[in-house]
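>>> Following is a predicted model, sequence given first.
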Amino acid sequence: MPLVPPPRPAAQPAADIPPTRVLNANQPEWSVGELAGALKRTLEDAFGHVRLRGEISGYRGQHGSGHAYFSLKDGQARIDAVVWKGVFGRLRQRPQEGLEVVATGRITTFPGKSSYQIVIENLEPAGLGAWMALLEERKKLLAAEGLFAPEHKRPIPYLPQVVGVVTSPTGAVIRDILHRLEDRFPRPVLVWPVRVQGDGAAEEVAAAIRGFNALPAGGAIPRPDVLIVARGGGSIEDLWAFNEECVVRAAFESAIPLISAVGHETDTTLIDYVSDRRAPTPTGAAEMAVPVRADLIATVADLSARGRGAVGRRIDRDRSDLRALGRALPSADALLAAKRQRLDLAEARLAPALAAGASRHRARLQLLLDRMARRSPDVVLANARARLARIDHRPLNALRNDVQRKGEALIQLGRRLVVAREAGLERARALQARHTDRLHALSERLAQAGARSIERRRDRLDGLAGLLGSLSYRAVLDRGYVLVRDAAGLPMRRAADAAAATRLSLQFADGTVTAVPDGADPSGNSDPSPSAKPARRGGAASPATPGRRTGTRPAPTRQGSLFDA
């Protein structure tokens, strides 16, 4: 709601004061209490009732007054919370430190600390899940349409002729219902087989309810007098078909009274709210549908015997009372004697009473005539005309004076508004200029900071490149070392491994050569032969010393390590 400033004393005309004083006069003056009250009303009107999810923090139990104070927080913010003493005793979920809850309440302020807080009215644990959230949302929408209203509930027939059952034909539910009906009062049962969970189950249940209602009365297939929609227990996902909107609307539109028996006693689905009766179990639904035949027969027999006895006793008692009244009845003369005497007395008092009444009315009429003579209507009218003449044109003059005063006040207010508008425009221009200057300064600082950051990263990159060069194994090769690899390209660390190899690869700083160890066969044979000739470098005919390089190849582009396994 808008903040209404307190009334101010009347200011001087705008033409008599400088512009700065006009600006200060247009600004409302608040007291601290007025501002706190206005903020409290605004916050309570905008957030009158909220549901807030967060973690309880700072809970130390009830205060000595019985109230509870703590905070609700999440990863971004926290808000103070209070539970009054009267509400705390009704909470189903008591506060616990670190517990994630959904709090329902209203937002308000505490002027003593200039802070806002939530006054909690209900507390429940968080994490109901998507199924429960969707169920609650759908329940609210259907309840808003009036589908769950009590006035739509219909009574269940006491003794139906035909019972219709909508359930799975293969489960234990139908057997329990049939067995219970057989025990209590055997009735014809029509079963409409449907799936009670999975895809398409809700549509089948809705079609079964509408199908039973579509049966004509007195047709080839008897129309049920009561319907039972049943299913065994399960999780919320298993029972979800009975929470679908099509099933709820079909149950609401059913002209046949409907009993819901879905799940166990603790399971609740939306069809339970729209049905005429809810049974805790399928067996309980059968008990609600029909009475116990043996008890009914015994009750009828007992009532019949009691009725016959009561009628006989009533006839005997009435006969005895009639005889007693006949004996006590007086004669006609005795009954009329007192009436005749009262009539004679009334006739004797009538004439004097009429004369006295006429005399009273005559005196009252004379009194009215005397009063009218003393105060004639002509005199009253003359006095009224004289008062009207004395008033004359005073109301017109007063109206003109009031219009003139208000016109002058309006002119003064217009002058003050013009001055205030010019002052506001000047402040806006100054503020825009300051923002422009600040934007230019920030852009220059951003450019300088970007240049400095690029220079620092370039220096760091150069340092890392130098460090990489100093730590590379190629620098070790430049100092005269050689990396020895076997025919598979694996590094060799021991002389015994090198002597057992058939061919070696020697990597120098400027290239790689291939060598054969002493006693090895260049062809790959493990047994050396005197006729074997070592390979010559570059194809020359000069003999090669064992262990010397016999050829060169370009250095690999991949950078290895002296410590490769």
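That came through, no problem.
>>> and stretch 248-258, which residues are buried?
When burial is assessed from 16 or more other CB atoms under 10 Å, stretch 248-258 yields the following buried residues: 248-252, 254, 256-258. C-betas here are computed from N, CA, C, even on glycine.
>>> can you tell me which of the residues you listed lies nearest to A338?
P257 (63.6 Å; CB to CB).
>>> Tell me if I'm right that that closest one and Y158 touch.
No. At 11.2 Å, P257 and Y158 do not qualify as touching, with contact defined as CB atoms under 8 Å.
>>> Would you reformat the buried residues of stretch 248-258 as TSV and include pLDDT, distance to E34 and secondary structure?
As requested, the buried residues of stretch 248-258 are exported to TSV (pLDDT from 0 to 100; distance: CB to CB, whole Å; DSSP: H, G, I helix; E, B strand; the rest coil):
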residue	pLDDT	distance to E34	secondary structure
V248	95	52	helix
R249	95	54	helix
A250	95	59	helix
A251	95	56	helix
F252	95	53	helix
S254	94	60	coil
I256	95	64	coil
P257	96	62	coil
L258	96	60	strand
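>>> element containing the closest residue to Y69 other than its chain neighbours, please.
Of all residues beyond its chain neighbours, the one nearest Y69 is V82 (5.5 Å), with distances taken as CB to CB, 6 or more residues apart in numbering. Mapping V82 onto the secondary structure by DSSP states H and E places it in strand 78-83.
>>> Please name every helix or strand in contact with that strand.
Contact partners of strand 78-83 among helices and strands, from 3 or more CB pairs under 8 Å, 6 or more residues apart in numbering; DSSP states H and E: strand 50-57, strand 68-73, strand 100-110, strand 115-125.
>>> Just the C-alpha atoms of the shortest one, please, in PDB.
If I follow you right, that is strand 68-73. These are the backbone C-alpha positions of strand 68-73, laid out as PDB (Å, rounded to 0.1, in the frame of the first residue of the first chain):
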ATOM      1  CA  ALA A  68      10.000 -19.800  20.400                       C
ATOM      2  CA  TYR A  69      12.600 -17.700  18.500                       C
ATOM      3  CA  PHE A  70      14.900 -18.900  15.800                       C
ATOM      4  CA  SER A  71      15.900 -18.300  12.200                       C
ATOM      5  CA  LEU A  72      15.200 -19.900   8.800                       C
ATOM      6  CA  LYS A  73      18.200 -19.800   6.400                       C
END
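>>> mind listing what's buried in that strand?
Of the residues in strand 68-73, 68-72 count as buried by neighbour count, 16+ other CB under 10 Å.
>>> What is that strand packed up against?
Packed against strand 68-73 by the contact rule (3+ CB pairs under 8 Å, 6+ apart) you find strand 50-57, strand 78-83.
>>> Residues touching the helix or strand following the strand holding V82, excluding its own?
Using DSSP H and E, the helix or strand that follows strand 78-83 towards the C-terminus is helix 85-88. Residues from elsewhere that reach helix 85-88, judged by CB atoms under 8 Å, 6 or more residues apart in numbering: 62, 65-68, 94, 120-121.
>>> With distance to G469 and pLDDT added, can I get those residues in CSV?
Putting these into CSV (distance: CB to CB, whole Å; pLDDT from 0 to 100) gives the following:
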residue, distance to G469, pLDDT
Q62, 71, 88
S65, 75, 88
G66, 76, 89
H67, 72, 91
A68, 68, 92
R94, 68, 81
I120, 67, 92
E121, 72, 91
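>>> correct me, but F47 touches T109?
No. Using CB under 8 Å, F47 makes no contact with T109, being 10.7 Å away.
>>> between these two, who's got more neighbours?
A side-by-side neighbour count of F47 and T109, using other CB atoms under 10 Å, places T109 first with 18 against 15.
>>> Okay, and the beta partners of that one?
On the basis of DSSP bridges, T109 takes part in beta bridges with Y116.
>>> pLDDT at it, what is it?
In the prediction, the pLDDT value recorded for T109 is 84.
>>> so who does it touch?
For T109, the residues meeting the contact criterion (CB under 8 Å, 6+ apart) are 36, 39-40, 43-44, 115-117.
>>> Near L296, how many other residues are there?
15.
>>> which non-adjacent residue is nearest it?
When the adjacent residues along the chain are set aside, L296 lies closest to F185, with 7.3 Å between them (CB to CB, 6+ apart).
>>> Tell me how many other residues crowd the one you found.
Neighbouring residues of F185 were enumerated by other CB under 10 Å; the total is 19.
>>> how near is it to I177?
Using CB to CB, to the nearest Å, one obtains 13 Å as the distance from F185 to I177.
>>> what does A220 give?
24 Å.
>>> More neighbours: which of these two?
Using other CB under 10 Å, the more surrounded residue of A220 and I177 is I177, with 25 against 6.
>>> My read is that the more buried one contacts A285, right?
Yes. Taking CB under 8 Å as the contact criterion, I177 and A285 are neighbours in contact, 6.9 Å apart.
>>> who touches both of the two?
Common neighbours of I177 and A285, using CB under 8 Å, 6+ apart, are 228, 230.
>>> Which residues are in contact with the residue nearest to L296?
For F185, the contact set (CB under 8 Å, 6+ apart) comprises 159, 290-293, 296.
>>> give the contact list for L399.
The contact partners of L399, by CB under 8 Å, 6+ apart, come to none.
>>> State the pLDDT value of it.
Looking at L399, the pLDDT reads 84.
>>> Ok, H393 next?
At H393, the predicted lDDT confidence score is 72.
>>> now A441
The confidence metric pLDDT takes the value 92 at A441.
>>> now A351
According to the predicted model, the pLDDT of A351 comes to 87.
>>> Name the SS class of it, please.
Following DSSP: H, G, I helix; E, B strand; the rest coil, the label given to A351 is helix.
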